[in-house]
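**Student:** coordinates for the following, if possible.
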Amino acid sequence: MRSEQIHIALKQGISRYEICQLVSKGVKATHRQGNRFEDSIGDVLGFIGAHRGSLVRVQADHETVFTKTV
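**Tutor:** Presented below is the predicted three-dimensional model:
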């Protein structure tokens, strides 16, 4: 369920606003013509929630960018 995916992402320390921004950008990057947007949103939320690496926030102009630390 989508609300469970959002709560999993929130546990990672990402704010609701940032989740919306990441989902928006993720759907634009991964959506395929012919698929439902709901499925693309679910896929992106699943990726955000499953991401276990530490995220580092980097301010780039007026946009927050997340990079994975190695």
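
**Student:** show me where this protein has its strands.
**Tutor:** Counting by DSSP state E, the chain has strands at residues 55-60, 63-68.

**Student:** what's the least confident stretch among those?
**Tutor:** Across these, strand 55-60 has the smallest mean pLDDT, namely a mean of 49.

**Student:** and V27, how many neighbours?
**Tutor:** V27: 17 surrounding residues under other C-beta atoms under 10 Å. (Glycine included, C-beta is placed from N, CA and C.)

**Student:** skipping its backbone neighbours, what lies nearest it in space?
**Tutor:** S40 (4.8 Å; C-beta to C-beta, 6 or more residues apart in numbering).

**Student:** relative to S24, how far out is the one you found?
**Tutor:** Here the criterion is C-beta to C-beta, to the nearest Å. By it, S40 lies 11 Å from S24.

**Student:** ok, Q5 next?
**Tutor:** 15 Å.

**Student:** near the residue nearest to V27, how many other residues are there?
**Tutor:** Neighbours of S40 (other C-beta under 10 Å): 18.

**Student:** how much space between it and G13?
**Tutor:** For S40 relative to G13 (C-beta to C-beta), the value is 24 Å.

**Student:** try V23
**Tutor:** Counting by C-beta to C-beta, the gap from V23 to G13 is 16 Å.

**Student:** ok, the two, which is more surrounded?
**Tutor:** V23 (21 against 10).

**Student:** surely the more buried one is in contact with G46?
**Tutor:** No. Judged on C-beta atoms under 8 Å, V23 makes no contact with G46 at a distance of 10.8 Å.

**Student:** got the contact list for Q5?
**Tutor:** If you count contacts by C-beta atoms under 8 Å, 6 or more residues apart in numbering, Q5 has them with 42, 45-46, 48-49.

**Student:** what about burial for these, which qualify?
**Tutor:** Neighbour-count burial (16 or more other C-beta atoms under 10 Å) is assigned, among the contacts of Q5, to 42, 45, 48-49.

**Student:** what is the nearest of the residues you listed to R36?
**Tutor:** Among the buried ones among the contacts of Q5, G42 lies closest to R36 (C-beta to C-beta), at 9.2 Å.

**Student:** so who does the spatially closest residue to that closest one that is not a sequence neighbour touch?
**Tutor:** Setting aside the residues directly before and after it, G42 is nearest to R2 in space (C-beta to C-beta, 6+ apart), at 6.2 Å. When contacts are counted by C-beta under 8 Å, 6+ apart, R2 touches 41-42, 45.
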